[in-house]
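A.B. asks: Mind looking at a prediction? Sequence and model below.
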Amino acid sequence: MTTGSRWGIRKRSVLSAVVVVTFSLLVGGAFLLLVLQSSLTSAAWSNLSVRANDVARLLAEEGIEETQSTLAEDPRSGERVQIVDSSNRVVAWSSRRVRGDPISALRPAPGKTAKEQLAQVPALSGDDEVLVSARGVEVHGKPYVVLVAAPLEVQTETLRTVGLLLLAAAPLLVALVAVAVWVLVGQSLKTVERIRRQVSEIDGRRLSERVEVPPTGDEIAALASTMNEMLDKLEHSNNSHRAFFSDASHELRSPLSTLVTTAEVASLDKSGKTWLDMQQTVISESSRMQSLVEDLLTLAKVDAHQLQLHVQDVDLEDVLDSEINRLRTVSSLQVTAELRPVRVRGDERRLAQVFRNLLDNAARHATSRIVVGMERRAGEVVVSVDNDGEIISPEDRHRVFERFARLDASRSTDGGGSGLGLAISREIMGAHGGTVVAAESDGWCRFQVRLPTADA
């Protein structure tokens, strides 16, 4: 069993949040302590420098004796002051503990300042580091150095206290984050689980149902909307397939019934004369059923995205001329055409199928004439197939390309059409990058094809 199967999204989210927050606290805490240490040390240096300047000014104005008296009367906690003469002898001090040896070897010239940080000063006792600020001053022509020292005990204790507070607060903060992430992710997953449960309950008999979309407007709401869109597509596809199968069954039932009836009647005539009389009917119905089956197979390939085209350069005017001549031989209608040389890239057999369907459709509905026009435009060729029959109303010009479409009673009983020819033509033209639409031209019914030319 893999780690992903043992750990769900909820646990992994909590673990990730805990790791990230813990790392952030460690890095942030270390940075905070460094900044705090630098700030405290800088403030201590500043205080020592100010104190050294004050004592140096007092020494220059009042002299050694007065300065000694002032230092003795105003001792400051944690701070030690020494005044060292040119012979390295301590001549004044703030505490008897530092009246012996100088606490630092710093000897800046009069008017100059120096500082250093010492690991330990025996005279001050303690184990903390010590900051020393030195200021040179001249009194009655003699150079002196004012040394002011203070241990880093306060700064160290402050850093230790802050560090302990961070260590104590970090687990509590991490725990709060873990609980918050656990609750928030759990709430989100409850919504996802509800969507999953609703979708799992939808089957082929309940495709009209939809999942509840939460009013949050977030990714989960988008997931629910996408689920509903998918269910819309599935329902539409299911309804289309049901209608397709129903229409296909209806179309196949008629020729099959005719063939069965013919066979039963012919079998009762021992002389065989009935069979000879019905032979043409059997051939006609068999051809009709064969054509219908071929159309159904073509649409099945289209639905499965398996319609293969053998693309090559095709002289479109030759394809049209061949189909027009075929129509003239099987129809008494007047067929006129104005063709011009145009070459396209496509499958010649499929293109011929498109124009055969359009011409046969025009022949079924024309009164007496069919006119085929061909026009070359920028990057495309436009072929128009007009007939003087009934015009298709604008609201039906899109529906006429649906499978087994029947626009009215007169068209439902037309001369043997399966109702698939125009649907197949639209799919084939789409595969060639072209279009076929129903339109009207000067009171005539028109089907217009647009196809890219070979040099487009």
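C.D. replies: Sure, I can see it.

A.B. asks: can I see the domain layout of the protein?
C.D. replies: The chain resolves into domains spanning 6-156, 219-303, 312-452 when parsed by automatic domain parsing.

A.B. asks: so for the first one, what's the average pLDDT?
C.D. replies: This points to domain 6-156. If you average the pLDDT over domain 6-156, you get 86.

A.B. asks: hang on, the earlier thing: would you mind saying which of the domains of the chain lies nearest Val174?
C.D. replies: The closest of these to Val174 is domain 6-156. By CB to CB, the value is 5.4 Å. In short, each C-beta sits where N, CA and C put it, glycine included.

A.B. asks: out of the domains of the chain, nearest to Leu173?
C.D. replies: domain 6-156 (6.8 Å).

A.B. asks: on that earlier part again, compile the domains of the chain into TSV and extend it with columns for distance to Leu173.
C.D. replies: Shown next, in TSV, are those (distance: least, CB to CB, whole Å):
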stretch	distance to Leu173
domain 6-156	7
domain 219-303	27
domain 312-452	61
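
A.B. asks: Columns mean neighbour count and distance to Pro171 on top of those domains, output as a markdown table?
C.D. replies: Formatted as a markdown table, those follow (neighbours: other CB atoms under 10 Å; distance: least, CB to CB, whole Å):
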| stretch | mean neighbour count | distance to Pro171 |
| --- | --- | --- |
| domain 6-156 | 16 | 9 |
| domain 219-303 | 14 | 32 |
| domain 312-452 | 17 | 65 |
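
A.B. asks: so which of the ones you listed comes closest to Ala175?
C.D. replies: domain 6-156 (8.8 Å).

A.B. asks: The domains of the chain: which one's closest to Leu184?
C.D. replies: domain 6-156 (8.6 Å).

A.B. asks: Packing partners of the biggest helix by length in the chain?
C.D. replies: Ranked by residue count and defined by DSSP state H, the top helix of the chain is helix 9-62. Here helix 9-62 touches helix 64-73, strand 80-85, strand 113-118, strand 130-139, strand 142-151, helix 153-200, going by 3 or more CB pairs under 8 Å, 6 or more residues apart in numbering; DSSP states H and E.

A.B. asks: Name every strand pairing with the fifth one and say which way it goes.
C.D. replies: Looking back up the chat, that one is strand 142-151. strand 80-85 (antiparallel), strand 130-139 (antiparallel) (DSSP bridges).

A.B. asks: between the shortest one and helix 9-62, how big is the angle?
C.D. replies: Read it as strand 80-85. 40 degrees (axes from the mean of the first three to the mean of the last three CA atoms, to 10 degrees).

A.B. asks: Outside of strand 80-85 itself, list whatever touches it.
C.D. replies: 51, 55, 59, 64, 67-68, 71, 90-95, 97-98, 102-103, 107, 123-124, 142-150 (CB atoms under 8 Å, 6 or more residues apart in numbering).

A.B. asks: ok, Leu147 to Gly136 distance?
C.D. replies: According to CB to CB, to the nearest Å, Leu147 and Gly136 sit 11 Å apart.

A.B. asks: hmm, back to that, what's the offset of the longest helix of the chain from the middle of its chain?
C.D. replies: Here helix 9-62 is found 43 Å from its chain centre; the criterion is CA atoms, centre = their mean, to the nearest Å.

A.B. asks: so what's the residue nearest to Ser49 when sequence neighbours are not counted bridging to?
C.D. replies: Ranked by CB to CB, 6 or more residues apart in numbering and with sequence neighbours excluded, the top spatial neighbour of Ser49 is Ser133, at 5.0 Å. When bridges are called by DSSP bridges, Ser133 pairs up with Lys115, Val148.

A.B. asks: is it true that Ser133 touches Arg51?
C.D. replies: Yes - Ser133 is in contact with Arg51 according to CB atoms under 8 Å; the separation is 7.3 Å.

A.B. asks: The helix or strand where Thr336 lies - contacts with which helices or strands?
C.D. replies: Element membership for Thr336, per DSSP states H and E: strand 334-338. In terms of contacts (3+ CB pairs under 8 Å, 6+ apart), strand 334-338 is packed against helix 316-330, strand 369-377.

A.B. asks: Please tabulate those in TSV, including the columns mean pLDDT and distance to Ser200.
C.D. replies: Shown next, in TSV, are the helices and strands packed on strand 334-338 (pLDDT from 0 to 100; distance: least, CB to CB, whole Å):
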stretch	mean pLDDT	distance to Ser200
helix 316-330	93	52
strand 369-377	94	54
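
A.B. asks: hang on, the earlier thing: now list whatever residues contact both of Ser133 and Arg51.
C.D. replies: The contact sets of Ser133 and Arg51 overlap at Val148 (CB under 8 Å, 6+ apart).

A.B. asks: Could I get the CA-only coordinates of stretch 161-172 as CSV?
C.D. replies: The C-alpha coordinates for stretch 161-172 follow below in CSV (Å, rounded to 0.1, in the frame of the first residue of the first chain):
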residue,chain,number,x,y,z
THR,A,161,13.2,35.4,27.8
VAL,A,162,12.0,36.2,24.3
GLY,A,163,13.5,32.9,23.0
LEU,A,164,11.7,30.9,25.8
LEU,A,165,8.4,32.7,25.0
LEU,A,166,8.8,31.8,21.3
LEU,A,167,9.5,28.2,22.2
ALA,A,168,6.5,28.1,24.4
ALA,A,169,4.2,29.7,21.9
ALA,A,170,5.3,27.8,18.9
PRO,A,171,3.7,24.5,19.7
LEU,A,172,0.4,26.2,20.6
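
A.B. asks: Now it: buried residues?
C.D. replies: Leu166, Ala170 (16 or more other CB atoms under 10 Å).

A.B. asks: Can you give the distance of it from its chain's centre?
C.D. replies: Relative to its chain's centre, stretch 161-172 lies at 41 Å (CA atoms, centre = their mean).

A.B. asks: Val344 falls within a strand, correct?
C.D. replies: Yes - counting by DSSP: H, G, I helix; E, B strand; the rest coil, Val344 is located in a strand.

A.B. asks: check contacts around it.
C.D. replies: Asp313, Val314, Leu316, Leu351, Val381, His432, Leu451, Pro452, Thr453, Ala454.

A.B. asks: Same check on Val19?
C.D. replies: No residues are in contact with Val19 under the rule CB under 8 Å, 6+ apart.

A.B. asks: Please repeat the previous calculation with a cut-off of 10 Å.
C.D. replies: Val174 (CB atoms under 10 Å, 6 or more residues apart in numbering).

A.B. asks: Report the separation between it and Arg10.
C.D. replies: Taking CB to CB, one finds Val19 at 15 Å from Arg10.

A.B. asks: swap in Arg350?
C.D. replies: For Arg350, the distance to Arg10 - CB to CB - is 55 Å.
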